[in-house]
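A.B. asks: Requesting a structural model of the entry that follows:
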Amino acid sequence: DPCELPEPPAECGKSCVPKRNMCGELICGDDGTCQSVCLATKPPNPVRELDVSRHPDRLRSHMWARLSFEVPESDRPINSFDVRVRASGGMWDQAFTHDAEQELLPVALDVCADPDKVNGNRCASLKAGDQFQDIDLTGLMPETEYEISVAARDGKCNQLGKPAYASFRTPAREFTTVSPCFVASAAYGSPLASEISVLREVRDRYLASHGVGRALINAYYRVGPNLAAEVRAHPWLGRATRTLLSPIVAVARWWLS
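C.D. replies: Predicted coordinates for the structure are as follows:
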């Protein structure tokens, strides 16, 4: 509060009339005196339309969830949102999301971080009623009841508004069939060959975790079935493919170990 400083502004405590700009950098409070912004205004209201839902990624929905809410009214500009998670019977903890590049790497959730600008704050341009949608919550446990709290923090006085709450239960883990390695499976004769497991682990760990890698995987899935058909139809192609893949598999085994 600037009015409690050793040398406070001269306007502190003076009588004022709202909307007449009589308080300099201070604000005319409800009691008709000049006050600091933090005394004359209230912290942000609770967020609205808070919702936590099942994540659309079936392979990760047992440990991820989707968060959405509406920006609340606030006398002060909102600078950030405090998002906390608590398992049933547990303690409140910082909410996490996945890294933008490494999807399996958890990072502290910063709702206001601008994905298109380093150190940017997208909350600076928000207004009441704007929507936050499709925010990923990660680091959850399957078949567990969770309570999620979200509170807005203002950028003037660094005060949290009252939190809003939502409840959510993560589903059981869903198992699916192993995704294919078409050409290698055709070359080795079985999708369960040990060489296939090595190549699949490289794909899942190092390629699927970033955009370029996923683009390569998708391109391979488009042409892979046709290439695999050719390999199965011509035994010499199978032998040649195994010869080409052998050093790659060897290096991959060494790298993974």
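A.B. asks: what's around Phe132, how many residues?
C.D. replies: By other CB atoms under 10 Å, the residues close to Phe132 number 20. C-beta: built from backbone N, CA, C; applies to glycine.
A.B. asks: isn't there a strand covering it?
C.D. replies: Yes - under DSSP: H, G, I helix; E, B strand; the rest coil, Phe132 falls within a strand.
A.B. asks: Got phi/psi on the residue nearest to it when sequence neighbours are not counted?
C.D. replies: Nearest non-adjacent residue to Phe132, counting by CB to CB, 6 or more residues apart in numbering: Phe69, 5.5 Å away. Backbone torsions of Phe69, given as degrees, to the nearest 10, read phi -170, psi 170.
A.B. asks: Tell me which residues touch Phe69, please.
C.D. replies: By CB atoms under 8 Å, 6 or more residues apart in numbering, Phe69 lies in contact with Val47, Arg48, Glu49, Leu50, Asp51, Gln131, Phe132, Val150, Ala164.
A.B. asks: Not counting its own residues, what contacts the helix or strand where the third one lies?
C.D. replies: Just to be clear, that refers to Glu49. In this assignment (DSSP states H and E), Glu49 forms part of strand 48-54. With contact meaning CB under 8 Å, 6+ apart, strand 48-54 is reached by 61, 65-72, 131, 137, 146, 148, 150, 164-168, 171.
A.B. asks: go on, stretch 150-158?
C.D. replies: Here stretch 150-158 has contacts from 37-38, 41, 43-47, 50, 67, 69, 71-72, 74, 76-84, 124, 159-164, 166, using CB under 8 Å, 6+ apart.
A.B. asks: What average pLDDT does it get?
C.D. replies: Average pLDDT, stretch 150-158: 92.
A.B. asks: Going by neighbour count, which residues of that stretch are buried?
C.D. replies: For stretch 150-158, a neighbour-count test (16 or more other CB atoms under 10 Å) marks Val150, Ala151, Ala152, Arg153, Asp154, Gly155, Lys156 as buried.
A.B. asks: Surely Ile217 forms part of a helix?
C.D. replies: Yes - counting by three-state DSSP, Ile217 falls inside a helix.
A.B. asks: Against which helices or strands is the helix or strand of the chain with the lowest mean pLDDT packed?
C.D. replies: The least trusted helix or strand in the chain, going by mean pLDDT, DSSP states H and E, turns out to be helix 182-188, with a mean of 76. When contacts are defined as 3 or more CB pairs under 8 Å, 6 or more residues apart in numbering; DSSP states H and E, helix 182-188 packs onto helix 194-202, helix 211-233, helix 235-256.
A.B. asks: To Cys28, which of those helices lies closest?
C.D. replies: The minimum distance between Cys28 and the helices and strands packed on helix 182-188 falls on helix 211-233, with 52.1 Å, by CB to CB.
A.B. asks: Run the angle between that closest one and helix 235-256 for me.
C.D. replies: On the basis of axes from the mean of the first three to the mean of the last three CA atoms, to 10 degrees, helix 211-233 is oriented at 150 degrees to helix 235-256.
A.B. asks: and the angle for helix 211-233 with helix 194-202?
C.D. replies: 160 degrees.
A.B. asks: Work out the gap between helix 211-233 and the centre of the chain.
C.D. replies: Centre-to-centre, helix 211-233 and its host chain are 30 Å apart (CA atoms, centre = their mean, to the nearest Å).
A.B. asks: How about it, which residues are buried there?
C.D. replies: Gly213, Tyr220, Gly224, Ala228, Val231, Arg232.
A.B. asks: ok so, going back, from Gly238, how far out is the residue nearest to Phe132?
C.D. replies: 55 Å (CB to CB, to the nearest Å).
A.B. asks: Pro43: how many residues sit nearby?
C.D. replies: Quick note: Pro43 (other CB under 10 Å) scores 20 neighbours.
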